[in-house]
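# Return a 3D structure for these sequence lines:
(2 chains)
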Amino acid sequence: DAGITQSPRYKITETGRQVTLMCHQTWSHSYMFWYRQDLGHGLRLIYYSAAADITDKGEVPDGYVVSRSKTENFPLTLESATRSQTSVYFCASSELSGDTQYFGPGTRLTVL
Amino acid sequence: GEDVEQSLFLSVREGDSSVINCTYTDSSSTYLYWYKQEPGAGLQLLTYIFSNMDMKQDQRLTVLLNKKDKHLSLRIADTQTGDSAIYFCAETFQSGNTPLVFGKGTRLSVIA
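Modelled structure (predicted):
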């Protein structure tokens, strides 16, 4: 299917575990983004990537790791999950950095 | 720094007009966007306006831009219950190398 997909859609994990959230887009967009959405904070940028093997920190990168070995995939890893990382995570892609962004459906992550 | 401000809540009656306001700080913004987020979903682009325009109309949607006051508004005519959602404004910059900056979102509730 064309578009941008995220998996899993829902995830429950425990403090200290490693979790990887997947993001896949079929448009060959250069830019990809990870956001977290929390009540009272709106959308906050975690990391973004301008192209394969190029990543950059956003507003709240601590505790997260990203990679971009292929243009179409942009996984987000929580190396040691904490309760404060309970959130809804959105992946997005765009042709240019400041261009229209297309969002995935989100992953709801709960850290117990 | 870049900052986008929105009121958090708006409640209107079905059939009335809704006006969602946004203020931004960077006068070099080139595009300003409105995104809609329905419950349990990702953000979807609703409309956008280029910074050299004052107004853009698209069916029930009217976007007004006051560059002097750095104020952007989204008017929804004949608001329907299906318009209930969170609306985000976002700005981008002339360089095109900076990710979009999002406001915290305005939750629109439509009362039947």
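# residues contacting the most centrally placed residue in chain A?
When chain A is reduced to its mean C-alpha position, the nearest residue by C-alpha atoms, centre = their mean turns out to be residue A:34, at 3.1 Å. By C-beta atoms under 8 Å, 6 or more residues apart in numbering or on different chains, the contact list for residue A:34 reads A:21, A:23, A:45-48, A:58, A:64, A:66, A:74, A:76, A:89-91. In short, each C-beta sits where N, CA and C put it, glycine included.
# same thing with residue B:79?
B:12-18, B:108, B:110.
# For chain A, see how far away it is.
According to C-beta to the nearest C-beta, to the nearest Å, residue B:79 and chain A sit 22 Å apart.
# now swap in residue B:58 and tell me
15 Å.
# now residue B:60
20 Å.
# residue contacts, that residue?
With C-beta under 8 Å, 6+ apart, residue B:60 has these contacts: B:76-78.
# again with residue B:78
B:15, B:17, B:60.
# For residue B:8, give me phi and psi.
Main-chain dihedrals, residue B:8, degrees, to the nearest 10: phi -90, psi -30.
# That one contacts residue B:104, correct?
Yes. Here residue B:8 lies in contact with residue B:104, judged by C-beta atoms under 8 Å, at a distance of 6.6 Å.
# Looking at these two, which one has more neighbours?
residue B:104 (20 against 13; other C-beta atoms under 10 Å in any protein chain shown).
# Strand partners (parallel or antiparallel) of the helix or strand containing the residue nearest to the centre of chain A?
Assessed by DSSP states H and E, residue A:34 sits inside strand A:31-38. When sheet partners are counted by DSSP bridges, strand A:31-38 sits next to strand A:42-51 (antiparallel), strand A:87-94 (antiparallel).
# For chain B, which residues are neighbours of chain A?
Residues of chain B lying close to chain A by C-beta under 8 Å from any C-beta of the partner chain are B:30-31, B:33, B:35, B:40-45, B:48, B:88, B:92-93, B:95-100, B:102-105.
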